[in-house]
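> here is a sequence with its predicted model. Questions after.
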Amino acid sequence: MRHSRTQRVVYLGLMTGLAIGLHIFESFIPMPVPVPGAKLGLANIISLFVILNFGLRDALAVTVLRTVLGSLLSGTFMTIVFYFSFAGGLASTLVMGLAVRLFAQHFSVVGISVLGAFTHNLAQIAVAALMVQTIYITLYLPYMLFFALPTGVFVGLTVHQLNKHYRPA
């Protein structure tokens with residue numbers, strides 16, 4: 001789908017604003033599970049939507065802007081929360097974008113989203129291992145991946161529905 005330069009900037013600005021809003025909104029949602037860091041990944045809805053409708057490069061830009069501006073607005077910039085969010089968002093967007101580009105005929109939107117959710121958690125565990133300088137933090141990984149499955153499915157189904165009913169002109 002071709003967009004004029006102005007349309008592209010407007011759409012990506014709107015997508016960035018939505019992603020920041022979801023990023024901040026999600027921080028106010030109490031999670032009913034006793035696993036620290038478990039989240040729905042609402043902002044990843046926007047990342048995957050942008051990958052599918054604009055491409056990987058634009059999705060990476062939206063993800064970087066979302067994590068930086070969202071952390072500035074929520075007061076977590078340059079904290080461990082920022083590093084987890086930044087690494088997870090960047091890694092998952094990159095992997096989802098590559099999966100769309102290379103394997104779109106083999107994976108559904110839900111499958112790509114679950115792959116992104118797993119990647120997000122793997123990147124967060126890698127950052128945690130580097131920051132606390134112990135490999136034992138990886139023992140937390142099975143719990144993280146357990147929660148990545150339903151959240152990845154939720155994000156994928158949401159993006160699938162969005163794409164059925166709305167595509168940027």
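Happy to help now that I have it. These numbers come from a predicted model, not from an experiment.
> need the three-state assignment for P30.
Classification of P30 using DSSP: H, G, I helix; E, B strand; the rest coil returns coil.
> against S71, how distant is it?
20 Å (CB to CB, to the nearest Å). All C-beta atoms are positioned from the backbone trio N, CA, C, and that covers glycine.
> more neighbours: these two, which one.
The residue with more neighbours, out of P30 and S71 and counting by other CB atoms under 10 Å, is S71; that gives 21 against 5.
> the more buried one against F84, yeah?
No - applying CB atoms under 8 Å as the test, S71 and F84 come out as separate, 10.3 Å apart.
> ok, for the most centrally placed residue in the chain, nearest residue in space, not its chain neighbours?
The chain has N44 as the residue nearest its centroid, 3.2 Å off, counting by CA atoms, centre = their mean. Leaving out its chain neighbours, the residue that sits closest to N44 by CB to CB, 6 or more residues apart in numbering is V155, at 5.0 Å.
> shouldn't L157 be in contact with V110?
Yes - applying CB under 8 Å, one finds L157 in contact with V110, separated by 6.0 Å.
> circling back: so which strand or helix has the residue nearest to N44?
Using DSSP states H and E, V155 falls within helix 141-165.
> how close does G17 get to L98?
When distance is defined by CB to CB, G17 is 26 Å away from L98.
> and the closest residue to L73 other than its chain neighbours, how many neighbours?
Nearest residue to L73 in three dimensions, chain neighbours excluded: I24, at 6.1 Å (CB to CB, 6+ apart). I24 has 17 neighbours, counted by other CB under 10 Å.
> what mean pLDDT does stretch 65-78 have?
For stretch 65-78, mean pLDDT is 87.
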